[in-house]
Structure formats: C-alpha cells, structure tokens
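In: model this:
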Amino acid sequence: MFEACADPKAIEGLQWALCYLTSGKHLDFYWSFMTVLGLLAITAPSALAMGFLGATAARSQIAPVSWAGKAYIWMVRGVPDIIFFLFFVIALDQLIEYLKFLAVCPATDVSPWQGLEFRVCPEAKVPSARASGFVHQLYGFGLAVVTFAIVFGAFTANVIYGAMQAVPRAQLETAEAYGMSRGQVFRRVLIPQMWVYALPGLGNLWMILIKATPLLFLLGVKDIVYYARELGGSKTQAYEYPHGDWRLYYFLVLLVFYLAFTRVSELGLARLTRRLSHGQATAAGEALRKAAA
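Out: Presented below is the predicted three-dimensional model:
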C-alpha cells in the first residue's frame, strides 16, 4: 500500500507490521466484516417478513393456506441447519441454471441431469464463465442471503405464531364486540400486542443468526472466517510476508468481534423490550410499573 512496502523482505520491526497489516489481502479481510454486517442487515428483515407471512398463513381460516404455513414451519425446523444450507444452495443454483437452460440452450440439448452430474450449455451458466470474481462472490452472497432468510424465516414464523396465540383471547373478543372487523382486530389489536410476547424469542433468533454467519465460509463466500484462516496460516519464504501459524490471533480477533457485537445487541434488545413492555399487562410491563411507582 505504501511505497516503503514495495519490498517487504527488506524491512522489519514496526514498519514490517504496518506494511503487513495494510497489505491488499488484509484490506479484503477488513472489508469482509462488512460482508457479515451486510448479511445481517439484509437477512434479518427478510426473515422477519417471511416469518410474519408464515405465521399469518398458519393462522389462516383457509385450510390449504394454513397447511402451507404450518408445513413451511415444520419442514425447516425439522432439518439440521447445516444440511438445509448446503442442500438449498445447490438446489437453488441448479434451478436457476435449469430455467436459463430452457431459455437459451439449443432445443437439441439433452436434459442437464446426466446421471449424477448436472451440466448445462455454457450460455446457461450462472454467473457466466467470463464474469469477474466479484460477480461470482456477489452471486454466492445472494444465494446465501436467500437461504438464511428461508431458514430463519421458518424459526421466526414459529415464534410469531406462538406470540399471536399468547395474546389474550378476551382482548380480541372485546374488539369484536365494539364492532371491529376481523381485519381491524388483526391490525389494531393482535399485531401490536403480539410483539411483546414475540420479542424474547426474536431476540434469541437474532443472537443465533449472528453466530450462524460463519456458515458463509461453508457456502463459498469469502467472509471473515475465510480470511482469518488464509492470513493466519503458516507462510513460507515464497510469500511476501512469511510468518508462522498465527491463526490463534486471527480467530481471537473474530472472538472479540462477535462478543462485542452480541453485547451491543443485548443492550439494544433490552432497551426495545422495556419500550414495548411499557403499559402492557405482562411480567415485564408489571416490573416497569413497580419500578416507576
């Protein structure tokens, strides 16, 4: 990065450390933290939206819609996360390429599924072979986001469904007695009330989502775990900055990052819980009332 770093083997001490920590690969390592934060920023609201739709569908009075919502919750919750992640990414990738195969490949081409292999014409590859490495990483990140949203959306749906069931039936019946329609009761009474009951479970899911971000490494995305392993591994004289096995120190940085992030999340969730519980007939709301008395 600096002119003095042109020949790393000719420098030593503090200057060597400064050049080492500002090398191109280290800058990629620093930017990879944004990859994790970006995943959380996109996945959390997406999973919340999918969870809300799934829970609403599960409570539907229309039998097929209710079955679909409950099947979504049951299907994802019944499969270990790692298996679903690895399976769904491959399945989604093949589905995208198959749809493009139908659109752009010659009609004479045989089915892309040949025995245990999946092959499409070069024009149907996603991304194309001529695409840059950044495009390939962006595509892999997109698949990861969709997979995370579907998996955690199912867990979110289960939490929201339970929270909706926890809202006292008497409140809903009172609203109906005042002449509110079913839709008005849902929007004005059930939804505002259920967040108080859902927040503890949603908070736990947020913590689990944070801890699940290293799965990006298994999905082929160059995240913080990938760079920590690559940079921390032993480097011989063939590399610009030879060093021993420093993985312990790199993974210690990740440990501090995740601990700090979860601590900030805990403080934010606690503040949100206090705000939503104010005036509510719940244990948390009662605790706030007594504290203010």
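
In: now the strands for the stretch 51-200 of the chain?
Out: 113-114, 117-118 (DSSP state E, counting those that start in this stretch).

In: Off-centre distance for the first one?
Out: For strand 113-114, the separation from the chain centroid amounts to 32 Å (computed by C-alpha atoms, centre = their mean, to the nearest Å).

In: Can you list the strands that that strand pairs with?
Out: Looking at strand 113-114 with DSSP bridges, its partner strands are strand 117-118 (antiparallel).

In: Ranking helices and strands of this protein by mean pLDDT, which lands last?
Out: Least confident helix or strand, the chain: helix 283-292 with a mean of 49, by mean pLDDT, DSSP states H and E.

In: and Ala270, which of the strands of the stretch 51-200 of the chain is closest to it?
Out: Set against Ala270 and scored by C-beta to C-beta, the strands of the stretch 51-200 of the chain come closest in strand 117-118, at 48.0 Å. From N, CA and C alone the C-beta is placed, and that goes for glycine too.

In: hmm, who's touching the closest one?
Out: Contact with strand 117-118 is made by 94, 97, 112, as judged by C-beta atoms under 8 Å, 6 or more residues apart in numbering.

In: most surrounded residue in the residues you listed?
Out: The most neighbours of any of the contacts of strand 117-118, using other C-beta atoms under 10 Å, belong to Glu97, which has 19 neighbours.

In: To what extent is the residue lying closest to Val135 once chain neighbours are set aside buried, counted in neighbours?
Out: Excluding its sequence neighbours, the residue lying closest to Val135 (C-beta to C-beta, 6 or more residues apart in numbering) is Pro127, at 4.9 Å. Per other C-beta under 10 Å, the neighbour tally for Pro127 reads 15.

In: show me what contacts Pro127?
Out: By C-beta under 8 Å, 6+ apart, the residues touching Pro127 are 135-136, 139.

In: Drop anything exposed from these.
Out: By neighbour count, with 16 or more other C-beta atoms under 10 Å, these hold Tyr139 as buried.

In: Could you single out the nearest of the contacts of Pro127 to Leu209?
Out: Tyr139 (21.6 Å).

In: hmm, back to that, and the least confident of the contacts of Pro127?
Out: Taken together, the contacts of Pro127 show their lowest pLDDT at His136, with 83.

In: so where is the protein shaky, pLDDT-wise?
Out: Within the chain, the segments meeting pLDDT under 70 span 1-3, 278-293.

In: try it again with 80
Out: By pLDDT under 80, the low-scoring segments of the chain are 1-12, 75-82, 84-86, 107-111, 114-116, 129, 218-220, 238, 276-293.

In: all helices for it, in order.
Out: Along the chain, counting by DSSP state H, helices occupy 13-21, 24-58, 63-77, 81-104, 133-166, 169-177, 182-185, 191-212, 215-218, 224-232, 247-277, 283-292.

In: what helices or strands is the first one leaning on?
Out: The criterion is 3 or more C-beta pairs under 8 Å, 6 or more residues apart in numbering; DSSP states H and E, and there are no helices or strands that helix 13-21 contacts.

In: so which of the strands of the stretch 51-200 of the chain gets nearest Leu18?
Out: Evaluated with C-beta to C-beta, the strands of the stretch 51-200 of the chain place strand 117-118 nearest to Leu18, the distance being 47.6 Å.

In: Figure out how far that closest one is from the centre of its chain.
Out: Mean-position distance between strand 117-118 and its chain equals 28 Å (C-alpha atoms, centre = their mean).

In: would you turn the strands of the stretch 51-200 of the chain into a markdown table with distance to Tyr258 and mean neighbour count?
Out: Shown next, in a markdown table, are these (distance: least, C-beta to C-beta, whole Å; neighbours: other C-beta atoms under 10 Å):
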| stretch | distance to Tyr258 | mean neighbour count |
| --- | --- | --- |
| strand 113-114 | 40 | 10 |
| strand 117-118 | 36 | 11 |
